[in-house]
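>>> no sequence on this one, just coordinates:
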């Protein structure tokens, strides 16, 4: 592969994994400060004492002193210019430190900017300095998992991307991902093709960016759809750098009579494709824009087609922003962003990252003065109905995610913003109880401690 094509393929990987890049427009530090005003409450949603004052005295582990905790946070921000994980870290640590920190210890975030290709370099740095990793993601995260396990570094990621890291050992609380060994979108697709739009069951289309990551995603979804009785009538790849004219793709979709379209790639390109489809007067039953499009940037880009095309996104059991009136945790998160990061949007990535920070902090606070990696990791695994204070549907963190029934919730892009679709929720704002389809093909497996000659007994 020529160097230029390699770069373009990597761009596609980064954009699929972390959403479309946007300029941060300011400081890219993840450092969280305190507050000059009265002490903040350490309660969040239905969680109490997530952060609190205390009199910690010991330097109990690497990255932990009597006054501070050094936490690593991975991001491709140097490459994508997407500050979502940085924003989430800043807001959480600012709020938590203002509430007293972790039993009096201040959280300091070390931003590990992988710049896409420097995952292993940043992981080796984290192994030397950080207590744990929290609230981050890297498109090529599989490149660092072996080193992370070798140095026994627990991880509370916001998102996971590659199969080697998805569900790897010493990892707690990642959200659903197409890199799992099961299809986390099974529930939504079952609803779409057999309830809401049954005519789409035999007319599924798929268009992917031409990169190793998205191509594997397409293969996985094709297997899952076929097993469910659906038929993929159109599947194509587009160049990772996009195309100047999407008309040939739109015409092929129309010729194949596609009713339900899945788009994997930069959602800016999806907006351009939809403009062509709309100009052809071709309306699909639904378009899966995926959760990375859950932001205002996508709505602005696709505004000319919002009245025609039906864009949806499965948030995988993550509470949506339009639930603020009935979900105190969403309302509180919005208030915290207004206070600590005014003007910064709350995206799907932010919602996932904030939950990871909450899980880490709640677990660390429970450990008291003797804050160790073993304690914070094992404490997190005791959460059998984790909701992030109300930011997501309940998840049993004591069991592998692949062995659990799931919840889904579908958002629909409208001219007035993202709104809940009529997906027949049965558990508040979620629809719960579906079992994800398990792939029969071997798409890769997560690494274990045994793969690096370690065991849980080595975690201290």
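That came in fine, so what should we check first? All figures in this text were calculated on a predicted structure; none of them were measured in a lab.

>>> all contacts plus neighbour counts: C-alpha atoms, from now on.
Will do.

>>> Can you report how many residues neighbour residue 389?
Close neighbours of residue 389, defined as other Cα atoms under 10 Å, add up to 22.

>>> ugh, typo on my part, it should be residue 243
13.

>>> What segments of the stretch 101-250 of the chain are strands?
106-113, 132-134, 155-156, 182-183, 204-209, 232-238 (DSSP state E, counting those that start in this stretch).

>>> which helices and strands does the fourth one pack with?
Spelled out, it's strand 182-183. Using 3 or more Cα pairs under 8 Å, 6 or more residues apart in numbering; DSSP states H and E as the contact test, the elements touching strand 182-183 are helix 212-227, strand 437-438.

>>> Which residues outside that strand are in contact with it?
220-221, 224, 402, 436-439 (Cα atoms under 8 Å, 6 or more residues apart in numbering).

>>> which two in these are spaced the farthest apart?
221 and 402 (16.3 Å; Cα to Cα).

>>> circling back to that earlier point, rank the helices and strands packed on strand 182-183 by pLDDT, which is bottom?
With a mean of 89, helix 212-227 has the lowest mean pLDDT of these.

>>> still on that earlier bit, the helices and strands packed on strand 182-183: which one's closest to residue 193?
Comparing these against residue 193 with Cα to Cα, the closest turns out to be helix 212-227 (9.7 Å).

>>> Off-centre distance for the closest one?
19 Å (Cα atoms, centre = their mean, to the nearest Å).

>>> by how many degrees do it and strand 204-209 diverge?
Taking axes from the mean of the first three to the mean of the last three Cα atoms, to 10 degrees, one finds helix 212-227 and strand 204-209 inclined to each other by 170 degrees.

>>> Give me the buried positions along helix 212-227.
Of the residues in helix 212-227, those buried by neighbour count under the rule 16 or more other Cα atoms under 10 Å are 213-215, 217-218, 220-225.

>>> Output the residues you listed in a markdown table; the columns should cover distance to residue 67.
Shown next, in a markdown table, are the buried residues of helix 212-227 (distance: Cα to Cα, whole Å):
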| residue | distance to residue 67 |
| --- | --- |
| 213 | 42 |
| 214 | 44 |
| 215 | 47 |
| 217 | 44 |
| 218 | 48 |
| 220 | 47 |
| 221 | 48 |
| 222 | 52 |
| 223 | 52 |
| 224 | 50 |
| 225 | 53 |
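
>>> ok, and the closest non-adjacent residue to the residue nearest the centre of the chain?
Among the residues of the chain, residue 159 comes closest to the average C-alpha position under Cα atoms, centre = their mean, at 3.7 Å. Once flanking residues are discounted, residue 159 sits nearest to residue 137: 5.4 Å by Cα to Cα, 6 or more residues apart in numbering.

>>> Kindly report the same for residue 41.
Excluding its sequence neighbours, the residue lying closest to residue 41 (Cα to Cα, 6+ apart) is residue 99, at 5.5 Å.
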